[in-house]
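Visitor: Turn this into a structure:
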Amino acid sequence: MKKYITPTAKGKTGLIIALSVITCFMFSFVANVYGAEISVTERINSEIDNFKKDQKVRNSSGYIFDLKTVQNKNDVYQLAGVTNQPALYLSLKKTLKEKSYDIEDNVRILPHPCLKDYIYGLVSLSVANMRTNPRHPAELATQALLGTPVNILDKSGGWLLVQTPDNYIAWTEESGITLMNKADINRWVKARKLVYYRFSGFAYEKPDTKSQTLSDLVICDVVEYKGETEHFYKTIYPDKRIAYILKSECIDFNKWANMKNPTAEDIINTAVKFMGIPYLWGGTSSKGVDCSGFTKSVFLIRGIILQRDASQQACYGKVVAQNDLMSQLRPANLLFFGEKKSDKNKERITHVAIYTGKGQFIHSSGRVRINSFDPGSKIFSEGRKNSLVKAADYVGSIGTTNITKIKNNNFYRLR
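Guide: Numbering: from 1, shown residues only. Model prediction:
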């Protein structure tokens with residue numbers, strides 16, 4: 001810098017020039033460094049994406065292959081994330097190494113060894129809240145019902161990372177889950193079970209509706225059968241609590257799991273029973289539902305497991321012809337709303353509903369309600385009409401990918 005500073009009137013100008021040159025040089029250097037980082041990061045991410053496509057890896061169907069970031073730290077690139085597919089992960093590392101990428105391993109293999117043999121569990125609350133992170137203020141991601149079998153993946157404090165039968169992964173409090181080993185869960189699978197089949201009710205400490213309530217119940221809660229009286233079933237919760245439930249409010253689990261495929265009329269008749277139930281972000285029970293929680297709950301009552309989110313549900317089922325879509329719609333079709341694919345943007349699904357016929361649809365928006373595509377109707381929704389992207393036939397697609405009957409879902413089978 002000294003050669004730019006002179007004792008003349010030009011000294012100040014020279015200093016400014018010197019500082020400008022140095023600043024430009026430093027900016028160029030930083031830009032090049034970070035540009036290189038971004039470039040390498042993008043290339044590695046592209047390799048990971050290509051690997052997942054080649055291996056047909058999806059974060060569904062039991063797969064967890066969530067390798068989210070590659071970060072530069074002291075010129076070392078770091079591969080981070082979680083997976084329950086260690087063999088596949090080793091194959092990815094080999095692929096990246098063959099392409100001369102030197103990457104630090106920071107991937108957490110699930111289920112984590114801290115769980116030992118207790119990698120299974122059952123929900124022991126009428127409705128268990130599941131969050132995006134292991135803390136109470138975190139977003140409610142979804143819910144799971146009493147007696148739902150889950151895979152335990154990880155633990156943090158008093159929270160468990162669990163996977164539900166729809167392959168959704170979220171955190172829930174350990175107090176709401178009964179941990180099990182392989183022998184425990186297989187005994188439960190083989191045991192006689194009952195399904196609560198009213199929208200809401202109670203279990204009691206004695207076979208008497210005037211006795212102390214043990215807990216509330218919602219439709220599709222599952223409990224184990226232990227005996228019966230004239231009007232009550234004696235049941236046992238996953239956490240060993242004994243409860244009495246009115247016989248008139250239950251059906252046998254095997255009847256539920258082996259129901260005939262529902263008709264369009266069955267789906268609509270079930271859907272309208274939710275009318276007026278409040279919207280709840282992350283809700284999947286008769287206490288409150290979000291849009292996809294509503295469609296998922298309707299099908300679950302009929303013994304069918306769907307994917308959790310609207311964007312996921314939009315990937316399955318037989319797509320209804322797009323030409324003159326309105327005229328192609330049939331009762332019980334799922335309707336998907338959002339933004340259509342364009343030259344600039346990808347398709348984006350943000351809402352789902354069930355078509356009831358005659359231009360009307362039922363959905364959870366504020367509360368479960370019916371709206372219409374007809375501008376002349378009092379229940380017309382211009383916003384929904386303008387944002388309809390596509391529709392799918394789910395009733396005619398039962399048994400296909402991710403539209404699964406209870407009896408065919410691996411979570412309800414022997415391990």
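Visitor: From now on I want contacts and neighbour counts done on CA atoms only, so please keep to that.
Guide: Fine.
Visitor: neighbours of Ser342, just the number please.
Guide: Residues lying near Ser342 (other CA atoms under 10 Å) number 8.
Visitor: What is the three-state secondary structure of it?
Guide: coil (DSSP: H, G, I helix; E, B strand; the rest coil).
Visitor: how close does it get to Asn386?
Guide: 15 Å (CA to CA, to the nearest Å).
Visitor: For the chain, which residue occupies the most central location?
Guide: Closest residue to the average C-alpha location of the chain: Tyr168 at 3.7 Å, with CA atoms, centre = their mean.
Visitor: out of everything not next to it in sequence, what's closest to that residue?
Guide: Computed as CA to CA, 6 or more residues apart in numbering, the closest residue to Tyr168 that is not its neighbour in sequence is Arg308, at 6.8 Å.
Visitor: Need the distance between the two termini of stretch 346-362.
Guide: Stretch 346-362: ends 26 Å apart by CA to CA.
Visitor: Oh, that last question was meant for stretch 385-403, not what I typed.
Guide: Across stretch 385-403, the terminal residues are separated by 26 Å (CA to CA).
Visitor: circling back: the residue nearest to Tyr168: how many residues sit nearby?
Guide: Arg308 - counted by other CA under 10 Å - has 24 other residues nearby.
Visitor: my guess is it meets Ile169, correct?
Guide: No. Taking contacts as CA atoms under 8 Å, Arg308 lies outside contact range of Ile169: 10.1 Å.
Visitor: Please, where are all the strands along the stretch 151-300 of the chain?
Guide: 159-163, 169-173, 177-180, 193-196, 200-204, 213-218, 222-228, 232-236, 242-246, 250-252, 284-285, 288-289 (DSSP state E, counting those that start in this stretch).
Visitor: Can I get these in a markdown table including mean neighbour count and distance to Phe361?
Guide: Converted to a markdown table, those look like this (neighbours: other CA atoms under 10 Å; distance: least, CA to CA, whole Å):
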| stretch | mean neighbour count | distance to Phe361 |
| --- | --- | --- |
| strand 159-163 | 23 | 31 |
| strand 169-173 | 24 | 30 |
| strand 177-180 | 22 | 36 |
| strand 193-196 | 24 | 27 |
| strand 200-204 | 20 | 25 |
| strand 213-218 | 17 | 25 |
| strand 222-228 | 20 | 30 |
| strand 232-236 | 22 | 38 |
| strand 242-246 | 23 | 34 |
| strand 250-252 | 17 | 29 |
| strand 284-285 | 28 | 19 |
| strand 288-289 | 24 | 16 |
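Visitor: Ok, which of those strands comes nearest Ile119?
Guide: Closest to Ile119 of the strands of the stretch 151-300 of the chain, according to CA to CA: strand 177-180, at 6.7 Å.
Visitor: What helices and strands are in contact with that closest one?
Guide: Judged by 3 or more CA pairs under 8 Å, 6 or more residues apart in numbering; DSSP states H and E, strand 177-180 is in contact with strand 120-123.
Visitor: Parallel or antiparallel, which strands does the strand it packs on pair with?
Guide: strand 149-156 (antiparallel), strand 177-180 (antiparallel) (DSSP bridges).
Visitor: Let me have these in a markdown table, adding mean pLDDT and distance to Gly396 as columns.
Guide: Converted to a markdown table, those look like this (pLDDT from 0 to 100; distance: least, CA to CA, whole Å):
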| stretch | mean pLDDT | distance to Gly396 |
| --- | --- | --- |
| strand 149-156 | 96 | 27 |
| strand 177-180 | 98 | 35 |
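Visitor: quick one, which of those is nearest to Lys358?
Guide: Evaluated over the strands paired with strand 120-123, closeness to Lys358 peaks at strand 149-156, with 39.1 Å, by CA to CA.
Visitor: got the buried residues for the closest one?
Guide: Neighbour-count burial for strand 149-156 flags 149-155 (criterion: 16 or more other CA atoms under 10 Å).
Visitor: how far is that strand from where the chain is centred?
Guide: Remark: strand 149-156 is offset 15 Å from the chain centroid, using CA atoms, centre = their mean, to the nearest Å.
Visitor: angle of that strand against strand 222-228?
Guide: Here the directions of strand 149-156 and strand 222-228 differ by 120 degrees (axes from the mean of the first three to the mean of the last three CA atoms, to 10 degrees).
Visitor: what does stretch 109-124 rub up against?
Guide: For stretch 109-124, the external contacting residues (CA atoms under 8 Å, 6 or more residues apart in numbering) are 82-86, 144-155, 176-182, 185, 237-239.
Visitor: So which residues of the stretch 201-350 of the chain form helices?
Guide: Counting by DSSP state H, counting those that start in this stretch, one finds helices in the stretch 201-350 of the chain at the ranges 253-257, 264-271, 291-301, 310-313, 325-328.
Visitor: Out of those, which is the most enclosed?
Guide: Burial of the helices of the stretch 201-350 of the chain is given as mean neighbour count (mean count of other CA atoms under 10 Å); helix 291-301 ranks first at a mean of 25.
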